[in-house]
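Novice: missing the sequence, but the structure's below:
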Ligand code: OAD
């Protein structure tokens, strides 16, 4: 069921989460069999864990990085990139995902608010650089030559997500906010819908099941990202319908 839009949509913010990459073979965090199952995220994704058990944390992210080599973008990544490339207005894509599937699908712009597996940084020299495929505590930083302080450039629990000022500005200017494949549990991303709503955007959710924040959306589509996302963006582009 779609609704004809009475006003023209000029600016769109899209937020994606692990659900867009699930059908590419990457586990989500909280579905059964998910990434956090069997792990306490606090043992893996905090600065404290990095300090106390660096090799275990680096191993976890090394194996997630290597998994990307076996994955391809799916129809939802491709539909988003095609929309970005063909829509006459402004589209701003934010992902919570640390994979590179939006880029590989051809998205011309993507903001990784939780960082990226493809990037690493050194806590000695603060240099951010392209990640080495596998690195451990003893790996020497290509920039400063010291070992021991390389880390994946991903946002750990307790750290501040990237580029929040830019994100807030985009949300405040948006006519339409579309959230795809995210459980609405982790803030600040889970709070974007409330912000978008308060600043006048129409809010649409596409997710396999109800999220923690479904009640804040004007319209919710429940289903698989590879089916619902292409349908949604094609209706919006060709018929101005949501
Ligand atoms: P979650 O694992 O919390 O939620 C994934 C959501 O996607 C769930 O609501 C699923 O129902 C839905 N889903 C699963 N498969 C789907 C499919 N094929 N099509 C559509 N929806 C599907 O993942 P996120 O919400 O992305 O942060 O998690 C947010 C953050 O929590 C992550 O970025 C990560 C994690 O802790 C950090 O590591 C900082």
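Specialist: Received the coordinates, thanks. Here the structure is a predicted model, which is why all the values come from computation and not from measurement.

Novice: only C-alpha atoms for contact and neighbour calcs from this point on.
Specialist: OK.

Novice: where do the helices sit along this structure?
Specialist: Applying DSSP state H to the chain gives helices spanning 18-22, 41-44, 47-52, 54-67, 75-86, 101-104, 164-173, 192-198, 225-239.

Novice: want to throw those into a markdown table with mean pLDDT?
Specialist: Shown next, in a markdown table, are these (pLDDT from 0 to 100):
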| stretch | mean pLDDT |
| --- | --- |
| helix 18-22 | 97 |
| helix 41-44 | 79 |
| helix 47-52 | 91 |
| helix 54-67 | 93 |
| helix 75-86 | 98 |
| helix 101-104 | 98 |
| helix 164-173 | 98 |
| helix 192-198 | 98 |
| helix 225-239 | 96 |
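
Novice: Could you list every helix and strand in contact with the top strand by length along the chain?
Specialist: Using DSSP state E, we find that the single longest strand of the chain is strand 115-122. Judged by 3 or more C-alpha pairs under 8 Å, 6 or more residues apart in numbering; DSSP states H and E, strand 115-122 is in contact with helix 54-67, strand 128-130, strand 150-154.

Novice: Run through who's touching the first one.
Specialist: Surrounding helix 54-67, the residues in contact under the criterion C-alpha atoms under 8 Å, 6 or more residues apart in numbering are 26, 44-45, 49-50, 99, 117-118, 133-137, 151-152.

Novice: one more time with 6 Å
Specialist: Residues outside helix 54-67 that contact it (C-alpha atoms under 6 Å, 6 or more residues apart in numbering) are 44, 50, 117, 134, 136, 137.

Novice: go on, stretch 23-34?
Specialist: Residues outside stretch 23-34 that contact it (C-alpha under 6 Å, 6+ apart): 18, 35, 36, 71, 72, 74.

Novice: Can you check the distance spanned by that stretch, start to finish?
Specialist: With C-alpha to C-alpha, to the nearest Å as the measure, the first residue of stretch 23-34 is 13 Å from its last.

Novice: Quick check, residue 98 in contact with residue 117.
Specialist: Yes - contact status for residue 98 versus residue 117: in contact at 5.4 Å, counting by C-alpha atoms under 6 Å.
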